[in-house]
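Predicted model and sequence follow; I will ask about them next.
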Amino acid sequence: MEIRPIISALMRSKVALILIGLQIALTLAIVCNALFIISQRVETMGRPSGMNETDTFTIGSVGFGSNFNTKNAFAEDLALIRGLPGVVDASPINQLPMSDSGWSEAITMAPGQKVATTIAAMYFVDDHGINSYDVHLVAGRNFKPEEITFRDRGSVTWPPGIIITKAMADKLFPEGAVGKQFYLGDPDKTAPQTVIGVIDHLQVPWPRGFSYNGDKSVVDFSIFVPQMTAYGSRTQYLVRTEPGRRDELMKTVEAKLIESNHSRIVRSIKTMQAIRAECYSADRAMMIILGTVIVCLLTITALGIVGMASFWVTQRRKQIGTRRALGATRAAILRYFLTENFLITTGGLVLGALLTYGFSLWLMMHYEAKLLPWHYLPIGFVCMWLLGQLAVLGPATRASRVPPAIATRSV
């Protein structure tokens, strides 16, 4: 089939050609970048926290009155919870992965260092912390009961021994972390901390956008500190249960804590799955919005192609009838309109490729997004070509059914 006659015919409808081409270009640019943003959100939401989320929940309390003693409450509550049938273990906590709030601390390697090497999240636990989180030691040892202390408000000192994640260990001490030292906070005001153990993985409480000098690997930089935070009258615990008994034991633990001490309010009882859902609720909302935008854009583009092709078929009925009278087959007429649409779509996609990466660069400059991977464009091209061909198929089929006798009728 000759391409030149098709192009000549298109040049007689430049306004429609330009409008549908721009529509295709904008659709490609927005859809490709929206799909990339969705894929990034899916990747972020799917990141493992490193802990047992299925069988764990958190519960806390706030004491009131002069009869409430925080340090005594820690000891009594933990003994009560750990003694309940179905409870695997429990530990005091100050924060959790995906809680979107908590404590991070600067890491320095030597006295006099003014700029931190990196940062890490601080998880305050006792010697049951590893088992309660259900993380695994890959090197070194766990805390001993006698190493657990209380951290009061305003304290600036740190315990001598700590446990860090493997990601952090590999970054700071590639040759092996156990026995090595670094400083938490200002190295001129505190003593160094010694790494006594390394756990496989534990995400920080801020899984989205947590970085240090552009280093996003710090999302896995976490430290177990052998302390319980005795701030005011607040206590918080992480409880790990036997598989399948979490929901049952949530009610039991709540009732037992209320019964054991009437000088407090038991609250903040949540499963880790609920915490994950809350953390990523904004990401899910964005995915739904972007998905809706993608569907709407593709639908509008397809309808635009259908409308344009239908209009041209109506305008060209006598021309089509003449071609049929001169021997053109239905397949030839169908192929003509499919080829015409393919050329229009291709022109729009070429412009769309420039807009796609222009939009991606704009997102990089203003929102610290990553550059759109190259493979999104060829996939987008193929999808838009298919959409265009499917959209024009109906009008093209109607055109192929125009009878040759239409050529002899007056307009």
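Here it is on my side, so go on. Residues are numbered from 1 along each chain as shown.

Tally up the residues packed near V253, please.
V253 is flanked by 24 other residues according to other CB atoms under 10 Å. (C-beta placed from N, C-alpha, C; glycine too.)

where do the strands sit along this structure?
Here the chain has its strands, by DSSP state E, at 56-63, 87-92, 104-108, 118-125, 137-140, 149-151, 161-165, 181-184, 193-199, 222-229, 234-241, 264-271.

Double-check F36 against L372; I have them as touching.
Yes: here F36 reaches L372: they are 5.3 Å apart, a contact under CB atoms under 8 Å.

Let me see the residues that make contact with stretch 51-60.
Contact with stretch 51-60 is made by 88, 93, 96-97, 132-135, 202, 234-243, 245-246, 249-250, 253-254, 257, 266-273, 275-276, as judged by CB atoms under 8 Å, 6 or more residues apart in numbering.

Let me see the mean pLDDT of it.
Mean pLDDT, stretch 51-60: 96.

again, but for stretch 19-30
Mean predicted confidence for stretch 19-30 is 91.

Equivalent analysis for stretch 188-196, please.
Computed over stretch 188-196, the average pLDDT equals 91.

Endpoint to endpoint, that stretch covers what distance?
Stretch 188-196 has its terminal residues 22 Å apart, counting by CA to CA, to the nearest Å.

Show me how far that stretch is from its chain's centre.
Its chain's average C-alpha position is 34 Å from that of stretch 188-196, according to CA atoms, centre = their mean, to the nearest Å.

List buried residues within the contacts of stretch 51-60.
By neighbour count, with 16 or more other CB atoms under 10 Å, those hold 88, 93, 96-97, 132-135, 202, 234-241, 246, 249-250, 253-254, 257, 266, 269-272, 275-276 as buried.

what's the longest helix along the chain packed up against?
As assigned by DSSP state H, the longest helix anywhere in the chain is helix 330-367. Contacts defined by 3 or more CB pairs under 8 Å, 6 or more residues apart in numbering; DSSP states H and E place helix 330-367 against helix 3-11, helix 14-45, helix 281-315, helix 317-325, helix 376-400.

Comparing those, which yields the minimum mean pLDDT?
Note on these: lowest mean pLDDT is at helix 3-11, with a mean of 66.

List the contacts of stretch 379-398.
Under the criterion CB under 8 Å, 6+ apart, residues 24, 27-28, 31-32, 298, 301-303, 305-306, 309-310, 312-313, 333-334, 336-338, 340-342, 344-346, 348-349, 352-353, 356 lie in contact with stretch 379-398.
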